[in-house]
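>>> Sequence and predicted model, in that order:
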Amino acid sequence: MDLRGRNILVFGSGISGVSASRLLLAKGAEVILYDGNISLDAEKIKNEILEDRKGKLQVILGKLPAEIVDSLALTIMSPGVPLDIPAVNQMRAKGVPIWGETELAYVLGKGDVLAITGTNGKTTTTTLLGEIIKNYRKSVFVVGNIGNPYTDIVSKTKESSVIVAEMSSFQLESIHTFRPKVSAILNITEDHLNRHHTMEAYIAAKQNIAKNQTPADTCVLNYEDEATRNFGEKVSAEVLYFSSQRKLEKGIYLDNGSIICNITGVPEKVCHVDELKILGLHNYENVMAAAVMGLAYKVPMEIIRKTLKEFQGVEHRIEFVAEKNGVVYYNDSKGTNPDAAIRGIQAMNRPTLLIGGGYDKGSSYEEWIQAFDGKVKKLVLLGATREKIDETARKLGFTDTVLVDTFEEAVETCVKYAAPGDAVLLSPACASWGMFQNYEERGDKFKEMVLQLN
């Protein structure tokens, strides 16, 4: 695709917008980076993008001038920018093509793509699949929602490259030709309704991952998730299911602690869950998804088996931090919605003091509270959702709650009430916004505080 001399607008000045702008400049495009936040420093953004690069770059903050819209050949959306705001509608009305950063990277990049989405488990599955493929091929890139913009690595890709991509619903709602060789939807539960507005729109965005796939491709789906199981009947690609609850005629499943794969008609044991270093049924599902994606991509079983046994998990996802005075501390800061936080609780095997609450994404917390199942000794709540969660808990008969004002107070409260043999789990069921930049910063703060305990 020849972009030389064409006016292209990049919407959003975050990490994805900066990366997309750099790629476009390298391809000779004339780039206009736009952000509605007038308080940003345009010169600082410009310098960050250009560094020692040359090219025509303009940074516009605040209101988008109509004459700019009239000059555009293409707009590249950063994932964090909704597609239904007035500025985007203004461009759409003028017939300007609207692409996401993922679409841009796919069109300009080379190599095969293996892509993963789902409400929960994306990062663990993507990281694990990345390790499997790295043990199989030389040129491998792990990108996307995992924190590495896809556009960052485009110039390094070649025909023999493999791109393992974690895809969020925000990234998938703005694709057009993006077509993975192997895709996976791990699960779909309520999340991001403040952005997508309806569950139907959220599900449709997730399902976009397979919309361009053909019978030559593979789509991996969770048989135990109604939305993904039903979607399997509509997919053009070959479908392989995974299940933690039943034997499958074709796919991969858990049977009495053993992970069994059957995609050729002959069942083969992959490994036993006791051989894995990661805990919890949800993680066994992630392992099955990554393993069967690898097999679908023709990775030899011995490479998959060895990688699974060596994999130590992902930071901020039920991450063991330390044992202090007989109390074990786990960082599950990536549990940013109730369903993810349910998985954190289910992985606990001792009385647990749980830190919850944060930014309100419009979620409901009944199922999370019900999943405590006698494990939660005390629930320490903070952030914008603390009263909402406390009220839900009390309605459901759980009254051992403490409401605090700061994150530091939450950790200190848990330390105060924890006894030897207990666990303290940070698994908030909410986003970190309003207190922290992201869940990583929240998890790092938790680990810092725990490691400073005597």
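All right, it came through fine. Numbering: from 1, shown residues only.

>>> use CA for all of it now, contacts and neighbours both
Will do.

>>> Please pull out the lowest mean pLDDT helix or strand from this structure.
Here the helix or strand of the chain ranked lowest by mean pLDDT, DSSP states H and E is helix 193-196, holding a mean of 64.

>>> May I have whatever helix or strand Ser16 lives in exported as PDB, CA atoms only?
Ser16 is part of helix 15-26 when elements are defined by DSSP states H and E. The C-alpha atoms that make up helix 15-26 are tabulated as PDB, following Å, rounded to 0.1, in the frame of the first residue of the first chain:
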ATOM      1  CA  ILE A  15       1.300   4.700  23.000                       C
ATOM      2  CA  SER A  16      -0.700   3.300  20.000                       C
ATOM      3  CA  GLY A  17      -1.100   6.700  18.400                       C
ATOM      4  CA  VAL A  18       2.600   7.500  18.700                       C
ATOM      5  CA  SER A  19       3.600   4.100  17.300                       C
ATOM      6  CA  ALA A  20       1.200   4.400  14.300                       C
ATOM      7  CA  SER A  21       2.400   7.900  13.600                       C
ATOM      8  CA  ARG A  22       6.000   6.700  13.400                       C
ATOM      9  CA  LEU A  23       5.100   3.900  11.100                       C
ATOM     10  CA  LEU A  24       3.200   6.200   8.800                       C
ATOM     11  CA  LEU A  25       6.000   8.700   8.700                       C
ATOM     12  CA  ALA A  26       8.400   5.900   7.800                       C
END
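
>>> which helices and strands sit right next to that helix?
Under the contact criterion of 3 or more C-alpha pairs under 8 Å, 6 or more residues apart in numbering; DSSP states H and E, helix 15-26 touches strand 7-11, strand 30-35, helix 42-50, helix 101-108, helix 150-153.

>>> same thing but 6 Å
Under the contact criterion of 3 or more C-alpha pairs under 6 Å, 6 or more residues apart in numbering; DSSP states H and E, the helices and strands touching helix 15-26 comprise helix 150-153.

>>> Give me the distance from the helix it packs on to the chain's centre.
Between the mean C-alpha location of helix 150-153 and the chain-wide mean there is a distance of 17 Å, by C-alpha atoms, centre = their mean, to the nearest Å.

>>> Mind listing residues that contact the following helix or strand past that helix?
The first helix or strand that comes after helix 150-153 along the chain, using DSSP H and E, is strand 162-166. Residues outside strand 162-166 that contact it (C-alpha atoms under 6 Å, 6 or more residues apart in numbering) are 111-116, 126, 130, 140-146.

>>> Report all helices and strands that the helix or strand following strand 162-166 contacts.
Remark: after strand 162-166, the chain's next helix or strand is helix 169-172, criterion DSSP H and E. Other helices and strands packing on helix 169-172, by 3+ C-alpha pairs under 6 Å, 6+ apart, are helix 199-207.

>>> now the helix it packs on, how far from the chain's geometric center?
Using C-alpha atoms, centre = their mean, we find the averaged C-alpha position of helix 199-207 to lie 15 Å away from the chain's own average C-alpha position.

>>> Buried ones in that helix, by neighbour count?
202-203, 205-207 (16 or more other C-alpha atoms under 10 Å).

>>> Render the CA-only coordinates of it in CSV, please.
The C-alpha coordinates for helix 199-207 follow below in CSV (Å, rounded to 0.1, in the frame of the first residue of the first chain):
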residue,chain,number,x,y,z
MET,A,199,-23.7,-6.8,25.5
GLU,A,200,-24.6,-7.6,21.8
ALA,A,201,-22.2,-4.9,20.6
TYR,A,202,-19.4,-6.2,22.9
ILE,A,203,-19.9,-9.8,21.6
ALA,A,204,-19.9,-8.6,18.0
ALA,A,205,-16.6,-6.8,18.5
LYS,A,206,-15.0,-9.9,19.9
GLN,A,207,-16.3,-12.1,17.1
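
>>> shift numbering so it begins at 13
Let's use 13 as the start, then, which means that last one is helix 211-219.

>>> Follow the chain on from that helix and name the next helix or strand.
Scanning the chain past helix 211-219 towards its C-terminal end, the next helix or strand to appear is strand 230-234 (assignment: DSSP H and E).

>>> The helix or strand following that following strand - contacts with which helices or strands?
Using DSSP H and E, the helix or strand that follows strand 230-234 towards the C-terminus is helix 238-243. Applying 3+ C-alpha pairs under 6 Å, 6+ apart, one finds that helix 238-243 contacts no other helix or strand.

>>> Need the residues that contact helix 238-243.
With C-alpha under 6 Å, 6+ apart as the contact definition, helix 238-243 has outside contacts at 233-235.

>>> For the stretch 363-466 of the chain, which segments count as strands?
In the stretch 363-466 of the chain, the strands defined using DSSP state E, counting those that start in this stretch lie at 364-368, 388-393, 413-415, 435-438.

>>> For the first one, C-alpha coordinates in PDB please.
Backbone C-alpha positions of strand 364-368 (Å, rounded to 0.1, in the frame of the first residue of the first chain) are rendered in PDB as follows:
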ATOM      1  CA  THR A 364      -8.400 -15.000  52.100                       C
ATOM      2  CA  LEU A 365      -8.500 -11.300  52.900                       C
ATOM      3  CA  LEU A 366      -9.500  -9.700  49.600                       C
ATOM      4  CA  ILE A 367      -8.900  -6.200  48.400                       C
ATOM      5  CA  GLY A 368     -11.600  -5.000  45.900                       C
END
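
>>> and it, which strands flank it?
strand 388-393 (parallel), strand 435-438 (parallel) (DSSP bridges).

>>> Same list (those) but as JSON lines, adding distance to Lys246 and mean pLDDT.
Converted to JSON lines, these look like this (distance: least, C-alpha to C-alpha, whole Å; pLDDT from 0 to 100):
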{"stretch": "strand 388-393", "distance to Lys246": "41", "mean pLDDT": "98"}
{"stretch": "strand 435-438", "distance to Lys246": "39", "mean pLDDT": "97"}
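
>>> Gly338 contacts Asp434, doesn't it?
No. Applying C-alpha atoms under 6 Å as the test, Gly338 and Asp434 come out as separate, 7.4 Å apart.

>>> So those two - more neighbours on which side?
When neighbours are counted by other C-alpha atoms under 10 Å, Asp434 comes out ahead of the other of Gly338 and Asp434, with 23 against 13.

>>> Report the contact partners of that one.
Residues near Asp434 by C-alpha under 6 Å, 6+ apart: 339, 362-364.

>>> from those residues, which single one is nearest Leu15?
Here the nearest of the contacts of Asp434 to Leu15, counting by C-alpha to C-alpha, is Thr364; it sits at 55.6 Å.

>>> Neighbours of the closest one, how many?
Other residues near Thr364 come to 26 when the count uses other C-alpha under 10 Å.

>>> just checking, it touches Leu391?
No. Counting by C-alpha under 6 Å, Thr364 stays clear of Leu391, with 8.7 Å between them.
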